[in-house]
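Student: need a structure here:
(chains A and B)
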Amino acid sequence: MVNLILKFVSCCRAADMRISTAEVIDCLSQLEIMDTCEEPLFQTILRANFAKSRREQGVFNRLYHLFFHEMPSGLNPESLFSEEIQAGQSQAPEPSMNELLRQLKESQDDTHHTQNQGDTLDRALMAFLGGSPLPFIEAVQKIHTQDEQASPLFKSNLGQLSSRLDIMLRINRLKTQMVQFLGSNNAWAEKDVPSVTAAVNRRLDKALEFLNTEPRPDNAGLRETGSHTLHYKTLGQIPFSNLTLEEIKAVKEIIDKLVRKLEEITSRRFSAASRGVVDVKKTIQRSVKYLGVPVEIVHKAKPLRKGKIVALCDVSGSVWSTARFMLNILYSLKTCFSRVKSHVFIDRTFDVTSFFMSHDANEAIKRILNDTRINYNARTDYGMAFQQFRDHHFQELDKKTTLIIIGDARSNYYNPREPLLEAMRDRCRRLIWLNPEQEKFWGTGDSEMLKYRDHCNEARACGNLNQLMAFIEALVL
Amino acid sequence: MLFKSVADVQTRMEQAGYIPSQEISTIVFLAQETQKPVLIEGPAGVGKTELAKCIAACLERQMIRLQCYEGLDESKALYEWAYAKQLLYTQMLKEKINDVISDTASLAQAVDEIARHEDAFFSDRFLQTRPLLSAITSPDPVVLLIDEVDKSDPEFEAFLLELLSDFQVTIPELGTIAAKSRPFVVLTSNNYRDMSDALKRRCIHLYIDYPAIETEKEIVRLKIPGIEERLLDKVVQTVARIRQLDLKKKPCISETLDWARSLMILQQDEITEDVIFRTLNTLCKHKTDYGVVRANIGQLIKA
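Tutor: Take a look at the predicted model:
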């Protein structure tokens, strides 16, 4: 049993689940307490110890099914619940499968002795057939997290796709090889051939399914907040991209008013919260005035606890109109946060914090628009932008930072690289996505919003003044 | 009295008015046996806090609750010295202090003499215990509920680690205080932010989802004993269908109960479009959700 659990744990780790040794020990001791003989109980114990958030449960369930239900019976805790699991499955007798693999390997060794047993992927597939899915899971995980080559001249979204295709072709080749081998090898009894072929095909189909389907995390904690407060009837509802010059001016005035109001509220709130614990030293000092009687009790001022903000803004096309207002507000409110950092991207990211440090928000925005380093004609590529952010600015994220991404998630069909967003979420306190498009357009055309939404703590439509004001009030207050 | 088996958890919790799933009872039993905290996740209103209360009732233990929020610190969660009281005592005992140091020859000796008595001022008398310290110093084991732990700051989460793994806390003036009895710890989270791996590692994880139709029926039956079976069936089915819709806030169990109660008060035994419209505000708490429910009304009331 211990070996079985350990093998399963290595598969989970290969699929990027973080399971510590302490958790494995806990799980084993709990299995001992329960002296389990029912599968649901067994699964509950494993899940409670290995998948410690709702988001991980999808990956866990998939691996559990693959490992305990699809792999050869040798892996099953047979004495526990083999009948239930095996029911309805046309498994070939494992010994003949293993024998087949051994013979096939020998014949391959004979023919390709120069290639040194084929490459890693082939070996992983053979191991999968033989009942140990670990190398295959590792290979698939590598595909999900592989980086696209950042070439300035030629961009491609085909990296993952071609690696995936490679495995698919190998699976097909292996199927053909098996059939040929069984047909040409007289050592196999006629009656065994169909059942073994079926079993091999079934297992390879499972490998294919595992490769091509990725469970979407159940983002149970996602907040999707719509704005219902109509601060401004007409002006508030016009999308930022459709504002006329005069309207922009009006919007700016409103934003200024909002900023002043928020600053006032927060300073009042912080001053009320500043009464901390008693400062004994100062209280004793003051008591000297009153012959040692502590009439005046002095409290230690509590330092303001302010959040840090990192903003990552898409500055292409229509998104820019939202991003500029957002950046404007964030920097006007910088007294409410302990640090505001901002990056803009189209296909690569640029740190623009320095513009805002040395100029006022409107001037900074003007300068960013005229910065020659940013190629405004490039095609938006979220995957690449995230990759660059991870490579160069990941250290800016910590558990006190709120990461705000402003973008329409339209990535021109480039690889969306959502695992990178997941990694960002893991590092920061909250990940909030503001999309200038309204919810009904999310996921249409080249929008990857639904994929990204699964990794956000909060996703909001933020395309007009009302929505922006609602968001800012929620963020600051 | 401790739970004897998973089945015992099931029976006793049902008697206490909570219908647990097999998974919930298994985890509760394991948490008791291994003395590990349970971290419960799930949407609002599925009975996370209620579970802790029910465990306390079943084990006949006192429940101590710590509600987490941003800015919660040790002085509010663990202990605080009663400074004002200490100062007042110093004033009142001034003469006594004079007596203590009257025999001393030098200032250094006087300080030493006072130092010998400083324990009197840093003793339990001046210690204001807060929920966490109360939970571990209680002579009888208690159930400690750390509610909405996701709302607390990362610093507080880090501070919880010592408590949750060793069941002890360190107070500089008093030393390390180990638990007199190990509390049954329940942490709940609404997923406002992700908890750290270190915290998760110390807990057994439990996700409570909206209940299955049959379980929800049992819950309503238990809480509203007089409800007619036909109405009950329709209420629960309709709520389950509403939960399938893409809503901002799905109706939780207490809202099902509220809705069932309102239907009973209005003496409605059929669920029609009109009835849903009139009573929708007990189920939906967002303006856009109203719109979604209205748009799908046909689907909701089909037999």
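
Student: any idea how far B:M195 is from whichever residue of the stretch 201-303 of chain B sits closest to chain A?
Tutor: Proximity to chain A, evaluated over the stretch 201-303 of chain B using Cβ to the nearest Cβ, is greatest for B:H205 at 4.2 Å. C-beta here means a position set from N, CA and C on the backbone, and glycine is covered the same way. The span separating B:H205 from B:M195 equals 10 Å under the rule Cβ to Cβ, to the nearest Å.

Student: Need the overlap of contacts for the two.
Tutor: Counting by Cβ atoms under 8 Å, 6 or more residues apart in numbering or on different chains, the residues touching both B:H205 and B:M195 are A:S53, B:L39.

Student: Quick one: the helices in the stretch 201-303 of chain B, in order.
Tutor: Counting by DSSP state H, counting those that start in this stretch, the stretch 201-303 of chain B has helices at residues B:213-223, B:229-244, B:253-265, B:273-279, B:287-295, B:297-301.

Student: Make CSV out of those helices and add distance to chain A.
Tutor: Rendered in CSV, the data for the helices of the stretch 201-303 of chain B read as follows (distance: least, Cβ to the nearest Cβ, whole Å):
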stretch, distance to chain A
helix B:213-223, 15
helix B:229-244, 13
helix B:253-265, 16
helix B:273-279, 19
helix B:287-295, 5
helix B:297-301, 19
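
Student: And those helices: which comes nearest A:K308?
Tutor: Closest of the helices of the stretch 201-303 of chain B to A:K308 is helix B:287-295, at 31.5 Å (criterion: Cβ to Cβ).

Student: Which residues does that closest one contact?
Tutor: Contacts with helix B:287-295, where a contact means Cβ under 8 Å, 6+ apart, come from A:226, A:228, B:242, B:245-249, B:276-277, B:280, B:283-284, B:300.

Student: and the two most separated of these?
Tutor: A:H228 and B:L300 (22.7 Å).

Student: how about the helices of the stretch 201-303 of chain B in a markdown table, adding mean neighbour count?
Tutor: Listed next are the helices of the stretch 201-303 of chain B as a markdown table, based on neighbours: other Cβ atoms under 10 Å in any protein chain shown:
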| stretch | mean neighbour count |
| --- | --- |
| helix B:213-223 | 17 |
| helix B:229-244 | 17 |
| helix B:253-265 | 19 |
| helix B:273-279 | 15 |
| helix B:287-295 | 15 |
| helix B:297-301 | 14 |
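
Student: What is the neighbour count of A:T234?
Tutor: The local packing of A:T234 (other Cβ atoms under 10 Å in any protein chain shown) involves 8 other residues.

Student: Could you do B:T129 as well?
Tutor: With neighbours defined by other Cβ under 10 Å, the count for B:T129 comes to 15.

Student: Grab the nearest non-local neighbour of it.
Tutor: Leaving out its chain neighbours, the residue that sits closest to B:T129 by Cβ to Cβ, 6 or more residues apart in numbering or on different chains is B:Y79, at 5.6 Å.

Student: pretty sure the one you found is touching B:L127, no?
Tutor: Yes: with contacts defined as Cβ atoms under 8 Å, B:Y79 counts as touching B:L127 at a distance of 5.6 Å.

Student: still on that earlier bit, contacting residues around the residue of the stretch 201-303 of chain B closest to chain A?
Tutor: Residues near B:H205 by Cβ under 8 Å, 6+ apart: A:R47, A:A48, A:N49, A:A51, A:K52, A:S53, B:V38, B:L39, B:E41.

Student: Is the last one bridged to anything, and to what?
Tutor: Yep, that's B:E41 we're talking about. On the basis of DSSP bridges, B:E41 is bridged to B:S189, B:Y207.

Student: quick one: it from B:M195, how far?
Tutor: For B:E41, the distance to B:M195 equals 9 Å [Cβ to Cβ].

Student: for the second one, same thing?
Tutor: Counting by Cβ to Cβ, the gap from A:A48 to B:M195 is 15 Å.

Student: Over to B:K249?
Tutor: Counting by Cβ to Cβ, the separation of B:K249 from B:M195 is 22 Å.

Student: higher neighbour count, those two?
Tutor: For B:K249 and B:M195, the more surrounded residue by other Cβ under 10 Å is B:M195, and the numbers stand at 22 against 17.

Student: returning to what we had before: spatially nearest residue to the residue of the stretch 201-303 of chain B closest to chain A (excluding sequence neighbours)?
Tutor: Nearest residue to B:H205 in three dimensions, chain neighbours excluded: A:K52, at 4.2 Å (Cβ to Cβ, 6+ apart).
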